[in-house]
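Asks: Generate a structure from the sequence data that follows.
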Amino acid sequence: MFKSILCTLAIGSFAMFSYGQKKPRVTTPATIAVPVKKADSVPGAVKPYKEIITAKAKTALGMINVHQIGLKYYFEIPDTLLGREMLVVNRISKAASNPRPQMMGYAGDEIAENVISFERIANDRILLRLNSYNEHSADTTANGLYKSVRNSNIQPIVASFPVKAYGGDSTKLKSSVIDITDFINTENEIFFFSAAVKGLLGIGGIQTDRSYINSISAYPKNVEIRTVRTYSRGPIGGQPTTSTIPYTYELNSSIVLLPKVPMKTRFADARVGFFAQGYTDFDKDPQGVKQSAVIVRWRLEPKDADIEKYKRGELVEPKKPIVYYIDPATPAKWVPYLIAGVNDWQKAFEQAGFKNAIKALPAPTNDPNWSIDDATHNVIVYKPSAVANASGPNVHDPRSGEIIESHINWYHNIMQLVHNWYMIQAGPLDARAQKPKFDDELMGQLIRFVSSHEVGHTLGLLHNFGSSSTVPVAKLRDKAWVEAHGHTPSIMDYARFNYVAQPEDHISEKGIFPRIGDYDKWAIEFGYRWRPEFKTAEEETPYLNKLIIDSLKTNKRLFFGAENLFTDPRSQSEDMGDNAMLAGTYGIKNLKRVVPNIMAWTREPNEGYEKTGEIYKEVIKQYTQYLGHVIRNFAGTYTTFKSVEQPGGLLAPVSYATQKQAMKFMNNEFFVTPKWLLNKQISDVTGANPVYTIGNLQYAVLMRMMGSDIIVKMINREATDPVKNYTAMEYLNDLKKGVWSEIYSHKAIDIYRRNLQQTYMSNAIKMFVSTNEIVMTGQLGGINIYINPDVTKSDGGSIMRAHLIELRGDIKKAIPFATGLTKLHLEEMVRKINVGLIPKTLNTPTP
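Replies: Residues are numbered from 1 along each chain as shown. Coordinates of the predicted model:
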């Protein structure tokens, strides 16, 4: 079965503010019965335990015992931990007040992640290694590749520590004591910022005189290190530093013990959307190597006493459920909705055989053993940020894909985003959306939907941009059907609200809001169904392949469309239904209802018109998205991942009829000036210039429609595909009829259409010039050598030249019938074509 190497999102996030650390269990050295190892006479050699861990030590017992003596910290590493792999997760606990590009730099953000291990070597030293898993072989036989792969991938030694003392008896060592202080106080990528994040945030060098260890705490499966770090300022985005004032952060590093035996893996499959951990596999192909990937998921297994019940198909509780906590900083009124968004996934896990597998709880308020910074807790972290977004990352074991924990980033201003979406997409359907501030219940339900979506990511699920394409547009207006099934089979889709529904359909919230649907339940079952009958991922592969084939054959709603399929019109952000032209037509009808009401819906006493301008811009953005959904059909290609057992090809062109329908839509809804967008009242209070508003829109859309990408694809398809094609020449001819209709009807051309035609002409000439540009590359025997820099587009240049010549002739015929600005405009267009058709020669040497 084919595998999909998918980008692994391993970046998590942590606390927004610093809450109380777990209180370490403290014991005095007198209670630790550790026989003394005889000291070496060499200066600096190993000393007796009591000479290092003195009576002054404050000790926290845990996975690694931590001893503090004054400003020094010692790790007492048990022999049983040597060679064991540990995950280090570094986060910001308290953030500096510096610029935060790309949603990074807030309290709770993850800044680095590493897998480490300790090992002891001769000369009484402990080494710290950084481990990676980019290459893999499990074949440990005499002639197997495991040894060779290991020999070619020695893990780097990032630190070396002299053993200060041993714990144990004189015949058997049980632990090694090292001084960790200097390593933690030194800048390094193991416990602090990665180099990439430092560059992103403009962080320079460490200021050691203003940096210190705040605390180190030990627990049974983790160690928590809190530090205060001060840094000089570095350049951000290539811009030089303008201030000498430093940045100070409070950071938290969690060292978490990974399972001794990694979770059984499950291979990723391109037909089911999971984040995945990729690696080069030397076992799969005896005659080469294979790029493999395993899905990222939590370890869910039935309790030992319930195994037979699970096998019989009874719902059972897992050994360890997935529990999320809500950041105590979250406004209390939103907490129930965030919890509901997590708990909504319970029904999906029931399809995988588990009940009560996932839940959310308010964070403990008076528990000294609970900390938001502890990497063993999953938290929805509330961030006081103007960022209008949320994200659901996870931290996982790179050996198996097992998710260890997740901290969901919940930015305060996400409420502005969902408010605007709902007003624009559902305002004509729901009177509650016709307000500048929503009632708490409506906002709470919007929060719940976003919570469910982000939790889906932390369960390992990718976006499914293709899910909504499985729903016929007619069903989106069918009240009974859409309220029963939802407007998309996946909450992981970017199909926000049912903008296709019309007011006369009387569809309720159940048919407007996204929900966890058929695909989500199926994906959770694929990833989380416990299958003990298979010992390895390789053994279960044939079964899962057949399961996917049979399931997709039975239920088309289980289709997965990846978000990076940029030529597939089914897999788009913010789209809806199986026909973008029909869905867009209904969407525009609703936008036409929104625009006249914007001022009334956004009116607030004692406020200005900022909200009016904001919503008006969002309407334009929504309209542009509808146009973009349609444009994707031109020269589009459907991509349907399959295994060899499935009939048909992976790729199929968008049909001629669909592309013609797309052009008709563009003629009706765009080339005919969308004057419904023009509202004098809004312009008067916001300063929006109608000519610029339409002109900017025309520029953006025509740039895409006249890009060489579409033209070249059409040319290539005509040459290779025997079916009836929408050719580049026919496409341009249809485009010309829509943009230049006045020259055939001899009508006056208004300013909006003149601007449209100016943009059209500019794009046409640019394309002709760029594809016929001649560049001198050198000389051969005294003769200059010129080439076209992109020969694959040479036909595009020829076609565009012919198109411009034909257009020039049509314009000349229309000029005698024109007057005023229309005549001047058409004469200027002829002049531009004449100039544009002159070939450009670059780098021509002077005689």
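Asks: so how far is Asn668 from Gly738?
Replies: Going from Gly738 to Asn668 by CB to CB, to the nearest Å gives 9 Å. Any C-beta I mention is one placed from the backbone N, CA and C, and that applies to glycine too.
Asks: typo on my end, Glu317
Replies: Glu317 is 56 Å from Asn668, by CB to CB.
Asks: now do Gly313
Replies: With CB to CB as the criterion, Gly313 and Asn668 are 54 Å apart.
Asks: before we move on, the earlier item: between Gly738 and Asn668, which one's more packed in?
Replies: Per other CB atoms under 10 Å, whichever of Gly738 and Asn668 has more neighbours is Gly738, with 17 against 13.
Asks: May I see the buried residues of the host helix or strand of that one?
Replies: Using DSSP states H and E, Gly738 maps to helix 728-739. Buried residues in helix 728-739, counted by 16 or more other CB atoms under 10 Å: 728-732, 734-736, 738-739.
Asks: Stretch 109-120 too?
Replies: Quick answer for stretch 109-120 (16+ other CB under 10 Å): 109-118, 120.
Asks: From these, pick the one nearest Gly204.
Replies: Ile111 (15.1 Å; CB to CB).
Asks: what residues are up against the closest one?
Replies: 90-92, 192-194, 197, 251 (CB atoms under 8 Å, 6 or more residues apart in numbering).
Asks: could you redo the last one with a cut-off of 10 Å?
Replies: By CB atoms under 10 Å, 6 or more residues apart in numbering, the contact list for Ile111 reads 11, 13-14, 89-92, 104-105, 189, 192-194, 196-198, 200-201, 203, 249, 251-253.
Asks: Can you flag which of the residues you listed belong to strands?
Replies: Among the contacts of Ile111, DSSP state E puts 89-92, 203, 249, 251-253 in strands.
Asks: May I ask which two of those are separated the most?
Replies: Farthest pair in the ones in strands among the contacts of Ile111, by CB to CB: Val89 and Ile203, 18.6 Å.
Asks: okay, Gln207: pLDDT?
Replies: We have a pLDDT of 92 for Gln207.
Asks: And for it, the neighbour number?
Replies: For Gln207, using other CB under 10 Å, the count is 15.
Asks: Name the helix or strand for the nearest residue to Pro156 once chain neighbours are set aside, please.
Replies: Distances taken as CB to CB, 6 or more residues apart in numbering place Leu130 nearest to Pro156, at 5.2 Å, with adjacent residues excluded. Using DSSP H and E, Leu130 sits in strand 125-131.
Asks: Name the residues of that strand that come out as buried.
Replies: Neighbour-count burial for strand 125-131 flags 126-131 (criterion: 16+ other CB under 10 Å).
Asks: so where do the strands sit in the stretch 351-500 of the chain?
Replies: 358-362, 378-383, 390-391, 395-396, 403-405, 407-411 (DSSP state E, counting those that start in this stretch).
Asks: What of the stretch 501-650 of the chain?
Replies: Under the criterion DSSP E, counting those that start in this stretch, strands of the stretch 501-650 of the chain are mapped to 637-639.
Asks: Going by neighbour count, list what's buried in stretch 500-517.
Replies: 500-502, 505, 507, 511-517.
Asks: actually stretch 315-332, sorry about that
Replies: 315-316, 318, 321-322, 324-330.
Asks: swap in stretch 409-417?
Replies: 409-412, 414-415, 417.
Asks: Would you reformat these as JSON lines and include distance to Lys347 and pLDDT?
Replies: What follows is these, written out as JSON lines (distance: CB to CB, whole Å; pLDDT from 0 to 100):
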{"residue": "Asn409", "distance to Lys347": "25", "pLDDT": "89"}
{"residue": "Trp410", "distance to Lys347": "23", "pLDDT": "92"}
{"residue": "Tyr411", "distance to Lys347": "28", "pLDDT": "88"}
{"residue": "His412", "distance to Lys347": "29", "pLDDT": "88"}
{"residue": "Ile414", "distance to Lys347": "24", "pLDDT": "93"}
{"residue": "Met415", "distance to Lys347": "26", "pLDDT": "95"}
{"residue": "Leu417", "distance to Lys347": "27", "pLDDT": "94"}
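Asks: Out of the residues you listed, which two are the most distant from each other?
Replies: For these, the maximum inter-member distance is 14.5 Å, found between Asn409 and Met415 (CB to CB).
Asks: Quickly note the distance from Thr488 to Gly353.
Replies: For Thr488 relative to Gly353 (CB to CB), the value is 25 Å.
Asks: neighbour-wise, which of these two wins?
Replies: Thr488 (29 against 22).
Asks: Could you verify my assumption that the more buried one touches Val500?
Replies: No. If you go by CB atoms under 10 Å, Thr488 and Val500 don't touch, sitting 11.1 Å apart.
Asks: Val450 contacts Ile414, correct?
Replies: Yes. Using CB under 10 Å, Val450 is in contact with Ile414, at 6.2 Å.
Asks: what do these two both touch?
Replies: Contacts common to Val450 and Ile414, judged by CB under 10 Å, 6+ apart, are 389-390.
Asks: Now list whatever residues contact both of Thr488 and Val500.
Replies: Residues touching both Thr488 and Val500 (CB under 10 Å, 6+ apart): 471, 476, 576-577.
Asks: Greatest separation within those residues: which pair is it?
Replies: Val471 and Met576 (7.6 Å).
Asks: So between these two, which is more surrounded?
Replies: Neighbours per residue (other CB under 10 Å) separate Val471 from Met576, with Met576 holding more: 30 against 26.
Asks: Among the shared contacts of Thr488 and Val500, which lie within helices?
Replies: Among those, no member falls in helices (DSSP state H).
Asks: can you list those residues in TSV and add distance to Ala431?
Replies: Output for the shared contacts of Thr488 and Val500, formatted as TSV (distance: CB to CB, whole Å):
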residue	distance to Ala431
Val471	26
Leu476	20
Met576	22
Gly577	25
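Asks: Tell me the one among the residues you listed nearest to Leu552.
Replies: Distances from Leu552 to the shared contacts of Thr488 and Val500, taken by CB to CB, are shortest for Val471, at 15.9 Å.
Asks: How many residues are close by the closest residue in space to that closest one that isn't next to it in sequence?
Replies: Spatial nearest neighbour of Val471, chain neighbours left out: Gly577 (5.7 Å); criterion: CB to CB, 6+ apart. Residues within reach of Gly577, counting by other CB under 10 Å, total 28.
Asks: Can you verify my assumption that Gly577 contacts Thr488?
Replies: Yes. If you go by CB under 10 Å, Gly577 and Thr488 touch, sitting 9.1 Å apart.
Asks: anything in contact with each of those two?
Replies: The contact lists of Gly577 and Thr488 share 468-471, 476, 495, 498, where a contact means CB under 10 Å, 6+ apart.
Asks: Looking at those residues, which is nearest Pro542?
Replies: Among these, Thr470 lies closest to Pro542 (CB to CB), at 26.5 Å.
Asks: Please tell me how far that closest one sits from Pro78.
Replies: Distance from Thr470 to Pro78, by CB to CB: 54 Å.
Asks: and those two? which has more neighbours close in?
Replies: More crowded of Thr470 and Pro78, by other CB under 10 Å: Thr470, with 20 against 17.
Asks: returning to what we had before: which of the shared contacts of Gly577 and Thr488 sits closest to Thr554?
Replies: Thr470 (13.1 Å).
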